[in-house]
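K.L.:
Let's see this in three dimensions:
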Amino acid sequence: MQIVESPGLERTIGKVIESRLVDQVVAKLLESEELWLLVDEIAQSPAVTEAITQQSLGFADEVADEVNQRTRRADAITERVARRLLRRRARVEPPPPVVDAP
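P.N.:
Residues are numbered from 1 along each chain as shown. Just a heads-up that it's a prediction; the model follows:
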């Protein structure tokens, strides 16, 4: 374990990362057909498609909630304006029903 944590190894790895060797390896990988086949395989895997589906559903729920809230606010404003114009009293909302916990 001392070898892995040694300052000499850290310097060597730092020099390798800063060298053009890493850039050349990455460039070769990106040119490789096998890499893109692997990327396609991973992207089409059931786990990845399920994760994307779940994330999309979560985002759709967030958007729907936001639209719902904005619509309620717009309805309330419109109703207040209409009641003022018609000189009617504001509607008194009944309290929400009490739900017994199971």
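K.L.:
Do a quick rundown of the helices in this structure.
P.N.:
Under the criterion DSSP state H, the chain contains helices at 7-18, 20-31, 33-43, 46-85.
K.L.:
Just send those back as CSV, with mean neighbour count, distance to P96 and mean pLDDT too.
P.N.:
Using the backbone N, CA and C atoms, a C-beta is placed for each residue, glycine as well. Below are those laid out as CSV (neighbours: other CB atoms under 10 Å; distance: least, CB to CB, whole Å; pLDDT from 0 to 100):
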stretch, mean neighbour count, distance to P96, mean pLDDT
helix 7-18, 10, 60, 84
helix 20-31, 10, 58, 87
helix 33-43, 10, 46, 90
helix 46-85, 10, 14, 90
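K.L.:
Reformat those helices as CSV; add distance to V98.
P.N.:
Listed next are the helices of the chain as CSV, based on distance: least, CB to CB, whole Å:
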stretch, distance to V98
helix 7-18, 64
helix 20-31, 62
helix 33-43, 50
helix 46-85, 22
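K.L.:
wait, which of those is closest to V99?
P.N.:
helix 46-85 (20.3 Å; CB to CB).
K.L.:
And the residue nearest the centre of this protein?
P.N.:
Q55 (6.3 Å; CA atoms, centre = their mean).
K.L.:
Of the helices of the chain, give the one that comes closest to D100.
P.N.:
Relative to D100, the nearest member of those by CB to CB is helix 46-85, separated by 26.1 Å.
K.L.:
what separates the residue in the chain sticking out farthest from the centre from K15, distance-wise?
P.N.:
The C-alpha centroid of the chain is most remote from R87, which lies 46.9 Å away (CA atoms, centre = their mean). Here the distance between R87 and K15 works out to 82 Å (CB to CB, to the nearest Å).
K.L.:
Equivalent analysis for L30, please.
P.N.:
From L30 across to K15, the span is 23 Å (CB to CB).
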